[in-house]
Every structure is written in structure tokens, then in C-alpha cells.
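> okay, structure incoming, though there's no sequence with it:
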């Protein structure tokens with residue numbers, strides 16, 4: 001209803017129906033001029049909303065934000081000027097709880113509180129593709145890349161598809177699925193057997209090399 005405070009984005013929007021509660025209802029009579037002619041009668045008690053406790057660890061959150069800014073500054077010092085943003089998400093492996101979530105560049109939420117300064121808001125939108133209002137941790141779409149390889153490897157070992165030190169042929173491409181989708185190897189010239197530790201090490205070396213030249 002008009003005048004209600006509602007969650008616009010993020011946690012507040014997702015759990016708005018739980019946080020909102022239910023408004024109370026009171027009635028009174030007035031005359032044609034709007035003057036009260038009867039006492040206020042409470043028809044329905046107001047019900048407060050539920051409390052919501054986040055899983056964020058404040059110290060880990062601060063460390064994530066500091067590390068993210070440190071990485072951007074370090075990239076700039078090495079003349080990688082395109083490294084102007086990034087994201088960090090730390091999850092508890094036991095239950096998937098979000099312990100830290102940081103996105104850069106960021107902004108002070110206080111710019112939206114009280115009387116809004118148009119100049120400060122305009123500055124947020126003037127950043128173009130590096131807009132601070134874009135949360136890279138929740139809205140960014142990025143390929144998982146090599147971070148998914150340990151998960152795939154663990155699943156394969158759990159299902160006894162291969163053992164950790166069994167050699168598998170690394171080929172220029174591989175075909176999977178009913179639709180016979182073809183996946184290309186990053187190295188089209190490799191065609192030799194590799195153990196799992198060796199394959200993960202080679203993938204890590206590739207990521208480091210591409211990161212060093214600013215391709216990742």
C-alpha cells in the first residue's frame with residue numbers, strides 16, 4: 001500500500017513477505033467535516049514480521065572486500081588497467097551458507113537514505129560498464145572455467161569412473177551426450193595420456209599464464 005516500506009533488491013526483496021508482517025486495523029467515526037465523533041476502536045492487532053539472521057561472517061566479509069581491492073590495485077600497478085572490478089564469494093562447504101560476498105566497484109548505501117543527492121546518484125550511473133550498482137557476485141554471468149574441474153574429478157572418483165592415478169587419454173577434442181556435442185581442448189595439439197594430478201596441474205598452469213597476460 002502507499003507509504004509501505006518494501007524490499008527492492010537482494011535479501012530484502014527475496015524475503016519481503018516474511019519481513020513485512022501484517023498491518024493492524026483501527027476504526028473511528030468522523031462527521032462530514034472530518035471531525036472525530038467516536039473513540040478509536042482496534043479491530044485487528046498489528047503483527048510484526050519475522051527476524052532474519054544472515055550467515056555472513058563480518059571478519060571474513062571485511063577480509064574479502066580488502067582482498068578484492070588489493071587485487072585490483074595490484075593489477076593496476078602491473079599496468080593491467082582493464083582490471084577494474086571483480087567479485088568474491090566464500091561458501092561454507094558443509095551446508096552452502098554464504099560466509100562472505102563482495103563485489104567491486106561498490107558504493108555507500110547511505111546515498112539512497114533520506115534526502116537523495118542527485119549528483120551522487122548520477123555519479124553511480126555515469127561509470128558505464130563498470131557501474132557500481134551492478135553486483136557481480138549475484139548478477140554477473142561468468143563461465144566456471146577451471147574451478148569446476150576438481151568438482152568433476154571428485155564426482156568421477158566417487159562413481160568409480162576412474163582412479164586418481166589412472167592415465168586417461170587427453171585428446172584435441174571430445175564428444176559427449178546424446179546430441180554428440182563436441183568440446184574442444186584448449187590445446188589442440190595435445191594427444192597423450194595424463195593422470196588426474198597432472199591434468200589439474202596443467203590446467204592450473206594455463207590459468208596462471210592467461211591471467212599473467214590479462215586474458216582471464
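Yep, that arrived. For clarity, every value in this text was computed on a predicted model and none was experimentally measured.
> low-confidence ranges in the chain?
Confidence mapping of the chain against pLDDT under 70 gives the ranges 127-129, 204-216.
> strands of that one, residue ranges please.
Ranges of strands within the chain are 25-27, 41-44, 86-91, 98-104, 168-170, 173-176, 181-184, 192-194, based on DSSP state E.
> pick the most deeply packed of those strands.
Among these, strand 98-104 has the highest mean neighbour count (mean count of other Cβ atoms under 10 Å), at a mean of 19. Where you see a C-beta, it was placed from the backbone N, CA and C, and this is true even at glycine.
> give me the contact list for that one.
54-57, 60-61, 63-65, 68-69, 72, 85-92, 134-138, 140 (Cβ atoms under 8 Å, 6 or more residues apart in numbering).
> longest helix of this structure?
Identified as the longest helix of the chain according to DSSP state H is helix 58-77.
> tell me which other helices or strands it touches.
Here helix 58-77 touches strand 86-91, strand 98-104, going by 3 or more Cβ pairs under 8 Å, 6 or more residues apart in numbering; DSSP states H and E.
> rebuild these as CSV, extending it with distance to residue 192.
Shown next, in CSV, are those (distance: least, Cβ to Cβ, whole Å):
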stretch, distance to residue 192
strand 86-91, 35
strand 98-104, 40
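> who wins for proximity to residue 49 among those strands?
strand 98-104 (21.5 Å; Cβ to Cβ).
> can you state the direction angle for the closest one and helix 58-77?
Counting by axes from the mean of the first three to the mean of the last three Cα atoms, to 10 degrees, strand 98-104 lies at 30 degrees to helix 58-77.
> neighbouring strands - and their directions - for strand 98-104?
With DSSP bridges as the test, strand 98-104 is paired with strand 86-91 (antiparallel).
> run through who's touching the strand it pairs with.
60, 64-65, 67-68, 71-72, 97-104, 135-137, 140.
> rewinding a little: which of the contacts of strand 98-104 count as buried?
Among those, those that count as buried by neighbour count (16 or more other Cβ atoms under 10 Å) are 57, 61, 64-65, 68, 72, 85-88, 90, 135-137.
> on that earlier part again, looking at the helices and strands packed on helix 58-77, which is closest to residue 116?
Set against residue 116 and scored by Cβ to Cβ, the helices and strands packed on helix 58-77 come closest in strand 98-104, at 21.9 Å.
> re earlier: distance from the chain centre to the longest helix of the chain, please.
16 Å (Cα atoms, centre = their mean, to the nearest Å).
> tell me who's in contact with residue 159.
With Cβ under 8 Å, 6+ apart, residue 159 has no contacts at all.
> ok, it to residue 199 distance?
17 Å (Cβ to Cβ, to the nearest Å).
> and if you look at residue 141?
27 Å.
> neighbour-wise, which of the two wins?
Neighbour comparison, residue 141 and residue 199: the larger count goes to residue 199, with 16 against 5 (by other Cβ atoms under 10 Å).
> how many neighbours does the closest residue in space to residue 21 that isn't next to it in sequence have?
Among residues not flanking residue 21 along the chain, residue 49 sits closest, at 3.5 Å (Cβ to Cβ, 6 or more residues apart in numbering). Look at residue 49: counted by other Cβ under 10 Å, it has 13 neighbours.
> so residue 49 sits right up against residue 20, yeah?
Yes: if you go by Cβ atoms under 8 Å, residue 49 and residue 20 touch, sitting 5.1 Å apart.
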